[in-house]
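Engineer: Quick check, what structure comes out for this input:
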Amino acid sequence: MKHKPLNIKLIQSKLFWKDPTANRAMLEEKIWTDSQEVDIIVLPEMFTTGFTMDAEDCAEPMNLHTFKWLQQMAAQQKAAIVGSYIIKENELFFNRLVWMFPDGTYQSYDKRHLFRMANEHHTYSPGKQHTIIQWQGWNIMPLVCYDLRFPVWSRNTALKYDVLIYVANWPQARRSAWNTLLAARAIENLCYTVGVNRVGEDGNQIPYSGDSAVYDFKGQAMFHQEGTEIIHHQVLSYEELANYRKKFPAYLDADDFEIK
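Structural biologist: You can find the predicted model right below:
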């Protein structure tokens, strides 16, 4: 099977603090002012609110405003769109990543590793399983922010996926870890790795430097942007990925294990 190149749009943006209406309007304008056709549009973590523990005030049920907005954006752009926001379900709260397809169908992933230093683990319920997206002939694993620090969770056993995507609100104070670990995940998993982070300052006066980036399967930076709002397009080559995996099949020597 011949795989076409995958064109990804990264949106690195400031966010309005706990204002879903303003954030949806702002991101919609950014999406519409960039007219280039793409396959995937990637938004930051908690793109409707910023990274907040005020789940009771900010959560939505599935199939409400933000869900329908994602459906509208995906249909109008004829592209998949992905980002996380706060969901309430069965009296529990989740930091849920939603991957919306242009036809209105979707897949979701609940953030597994909850950032205890901000008491996220006391507010939200952890996810229990991976999500592998099949899109345009590619296999893609989307994860959320703090998941980046836990390589076992993202281990690409048997080459189950080709692209790893992290959506994040990763503070400037720990940007060195973000930059280092994105490259490491690409190297160890023989995959492209995409990280989309926010910029600006949130309502807790925490600054974010962005550092949204794309790394190839060798851990080499294809794109990296610090500090400013930006919309970036990155085209990924499946042929180059497949050739490298054939030339350097380190995955064949990987340890076999199961996560319980």
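
Engineer: Name the helix or strand for residue 255, please.
Structural biologist: Taking DSSP states H and E as the definition, one finds residue 255 inside no helix or strand.

Engineer: er, residue 30 actually
Structural biologist: With DSSP H and E as the criterion, the answer for residue 30 is helix 20-33.

Engineer: wait, what's in contact with residue 203?
Structural biologist: By CB atoms under 8 Å, 6 or more residues apart in numbering, residue 203 lies in contact with 17, 18, 50, 52. Every residue, glycine included, has its C-beta placed from N, CA and C.

Engineer: now residue 74
Structural biologist: 80, 81, 100, 101, 102, 104.

Engineer: For the chain, give me the ranges with low pLDDT.
Structural biologist: For the chain, the stretches flagged by pLDDT under 70 are 1.

Engineer: Which residue ranges of it form strands?
Structural biologist: Listed in chain order, the strands of the chain (DSSP state E) span 6-12, 40-42, 80-89, 92-100, 106-110, 133-135, 138-144, 163-167, 192-196, 199-201, 207-215, 221-226, 230-236.

Engineer: Just put those strands in JSON lines and tack on distance to residue 153.
Structural biologist: Output for the strands of the chain, formatted as JSON lines (distance: least, CB to CB, whole Å):
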{"stretch": "strand 6-12", "distance to residue 153": "22"}
{"stretch": "strand 40-42", "distance to residue 153": "19"}
{"stretch": "strand 80-89", "distance to residue 153": "16"}
{"stretch": "strand 92-100", "distance to residue 153": "14"}
{"stretch": "strand 106-110", "distance to residue 153": "11"}
{"stretch": "strand 133-135", "distance to residue 153": "16"}
{"stretch": "strand 138-144", "distance to residue 153": "7"}
{"stretch": "strand 163-167", "distance to residue 153": "11"}
{"stretch": "strand 192-196", "distance to residue 153": "14"}
{"stretch": "strand 199-201", "distance to residue 153": "26"}
{"stretch": "strand 207-215", "distance to residue 153": "18"}
{"stretch": "strand 221-226", "distance to residue 153": "23"}
{"stretch": "strand 230-236", "distance to residue 153": "22"}
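
Engineer: chain center to the helix holding residue 30: distance?
Structural biologist: On the basis of CA atoms, centre = their mean, to the nearest Å, helix 20-33 sits 18 Å off its chain's mean C-alpha point.

Engineer: just stretch 23-41 next, same as before
Structural biologist: Relative to the centre of its chain, stretch 23-41 is centred 16 Å away, using CA atoms, centre = their mean.

Engineer: Alpha carbons of that stretch, in PDB - could you do that?
Structural biologist: What follows is stretch 23-41, C-alpha atoms only, in PDB (Å, rounded to 0.1, in the frame of the first residue of the first chain):
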ATOM      1  CA  ASN A  23     -11.100  30.300  22.900                       C
ATOM      2  CA  ARG A  24     -13.300  28.600  20.300                       C
ATOM      3  CA  ALA A  25     -13.800  31.900  18.500                       C
ATOM      4  CA  MET A  26     -10.100  32.700  18.600                       C
ATOM      5  CA  LEU A  27      -9.000  29.300  17.300                       C
ATOM      6  CA  GLU A  28     -11.700  29.300  14.700                       C
ATOM      7  CA  GLU A  29     -10.300  32.500  13.300                       C
ATOM      8  CA  LYS A  30      -6.800  31.100  13.200                       C
ATOM      9  CA  ILE A  31      -8.000  28.000  11.500                       C
ATOM     10  CA  TRP A  32      -9.900  30.000   8.900                       C
ATOM     11  CA  THR A  33      -7.200  32.600   8.200                       C
ATOM     12  CA  ASP A  34      -4.800  29.800   7.200                       C
ATOM     13  CA  SER A  35      -6.300  28.400   4.000                       C
ATOM     14  CA  GLN A  36      -3.800  25.700   3.100                       C
ATOM     15  CA  GLU A  37      -5.300  22.200   2.900                       C
ATOM     16  CA  VAL A  38      -4.100  19.800   5.600                       C
ATOM     17  CA  ASP A  39      -4.900  16.300   7.000                       C
ATOM     18  CA  ILE A  40      -4.700  17.100  10.700                       C
ATOM     19  CA  ILE A  41      -5.100  20.200  12.800                       C
END
